[in-house]
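Visitor: sequence plus predicted model, see below.
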Amino acid sequence: MGYNPAIELNRLSYHYPDGRCALKEISWQVQPDEIVGLIGPNGAGKSTLFLCLAGVLKPSAGEIRVAGLNPTLAADRKILPSQLGIIFQNPDDQLFCPTIGEDVAFGPLNLGLSLPEVQQRVQQSLEQVNLLGYENRVPFQISGGEKRRAALAGVLAMQPKILLLDEPTMFLDPRGRRELRDLLTKISGTKIIASHDLRFIHKLCTRITLLSEGKMVADGSPDILLDQDLLEYHGLEGLDA
Ligand code: ADP
């Protein structure tokens, strides 16, 4: 595993083309296997941060390393999906093939793996998310919870060391939330979970990072979620709200 942090940001700033400053000099290190809850009100910069980590947006200033890779370099960006997986807010944005099996196979096929290896990864990741036997199911005919897990299977099939999850409990009922929480506990690796669902975050995360107006305003133990005044000041509701 080495001693490298999973994620390292050094004074990362990002301005959108219209001049809006979405991230302001963020310095942040995440160690392998940490489970970080990324919280903050709407517009805090959480999605922008994910897009910078994934190499979709190029920082205006500062440095990014993800599993030692620099997402601003084309050569590193090519390898990035085997190290970093993103689960989007809405699984409908992620599932685009006619069947679940094809969807999960898409990434491994792009890695250039042999067909038997692809098949093995598809089976393995469907099993991990409790969707064995769903290979021929059609994405729009399964439940919200199943869609979320199918999207996760597609990312797990790439065997990334780091997972970014954007509002993973959106559209889930209480059972779906519980299943997802159990699943994320079982999956090894570094996880960054951006969410307004503070109860979910509190049960799962080993660390909390609070973003507000593009700045990191708190970073530390999950006890941050018990600081009612801090949360309210930054437009969030406390755990017992
Ligand atoms: P969050 O995910 O925490 O809700 P975002 O990263 O979406 O926050 O947004 C951070 C800031 O950047 C906000 O002020 C938002 O209005 C702005 N922003 C987001 N996307 C764009 C865009 N495409 N163009 C201009 N400003 C944007």
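Guide: That came through, no problem. Numbering: from 1, shown residues only.
Visitor: C-alpha from now on. contacts and neighbour counts both.
Guide: OK.
Visitor: list the beta-bridge partners for the nearest residue to residue 86 once chain neighbours are set aside.
Guide: Nearest-residue entry for residue 86: residue 164, 4.7 Å, with adjacent residues in sequence omitted and distances by CA to CA, 6 or more residues apart in numbering. Beta-bridge pairing for residue 164 (DSSP bridges): residue 86, residue 192.
Visitor: ok, now which ones touch residue 164?
Guide: When contacts are counted by CA atoms under 8 Å, 6 or more residues apart in numbering, residue 164 touches 50, 84-87, 191-194.
Visitor: if we go to 10 Å?
Guide: Residues counted as contacts of residue 164 (CA atoms under 10 Å, 6 or more residues apart in numbering) are 36, 38, 50, 53-54, 84-88, 190-194.
Visitor: do the same with residue 132
Guide: Contact criterion CA under 10 Å, 6+ apart gives 101, 122-126 as the residues in contact with residue 132.
Visitor: could you dump these to JSON lines with neighbour count?
Guide: Converted to JSON lines, those look like this (neighbours: other CA atoms under 10 Å):
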{"residue": "101", "neighbour count": "24"}
{"residue": "122", "neighbour count": "28"}
{"residue": "123", "neighbour count": "21"}
{"residue": "124", "neighbour count": "17"}
{"residue": "125", "neighbour count": "24"}
{"residue": "126", "neighbour count": "25"}
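Visitor: just those residues now: which is nearest residue 6?
Guide: Minimum separation from residue 6 among those (CA to CA) is found for residue 125, which lies at 22.2 Å.
Visitor: which residues touch the helix or strand hosting the closest one?
Guide: Secondary structure assignment for residue 125, by DSSP states H and E: helix 115-128. In this structure, residues lying in contact with helix 115-128 by CA under 10 Å, 6+ apart are 100-114, 130-135, 149-150, 152-159, 183, 186-187.
Visitor: could you report the neighbour count for residue 99?
Guide: 16 (other CA atoms under 10 Å).
Visitor: distance of the residue with the largest distance to the centre of the chain from residue 109?
Guide: What lies farthest from the middle of the chain is residue 116; by CA atoms, centre = their mean that is 28.1 Å. Noted for residue 116: a distance of 11 Å to residue 109, by CA to CA, to the nearest Å.
Visitor: quick one: low-confidence parts of the protein?
Guide: Low-confidence regions of the chain, defined here as pLDDT under 70, cover residues 1-3, 241.
Visitor: which parts of it are strands?
Guide: Secondary structure of the chain, counting by DSSP state E: strands at 7-15, 21-30, 35-39, 61-66, 84-87, 162-166, 190-194, 207-212, 215-220.
Visitor: so which residues make contact with the shortest one?
Guide: Counting by CA under 10 Å, 6+ apart, strand 84-87 makes contact with 6, 50-51, 53-54, 66-67, 93-94, 148-149, 151-168, 190-193, all of which sit outside it.
Visitor: of these, buried ones?
Guide: Applying 16 or more other CA atoms under 10 Å to the contacts of strand 84-87, the neighbour count classes 6, 50, 53-54, 66-67, 94, 148-149, 151-168, 190-193 as buried.
Visitor: hang on, the earlier thing: would CSV of the contacts of residue 132 with distance to the ligand be doable?
Guide: Compiled in CSV, the contacts of residue 132 are given as follows (distance: CA to the nearest ligand atom, whole Å):
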residue, distance to the ligand
101, 30
122, 31
123, 33
124, 32
125, 28
126, 29
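Visitor: pick out whichever of the residues you listed sits closest to residue 215.
Guide: residue 125 (36.0 Å).
Visitor: get me the contact residues on this structure for the ligand.
Guide: With CA under 6 Å from any ligand atom as the criterion, the chain meets the ligand at residues 16, 18, 20, 22, 42-48.
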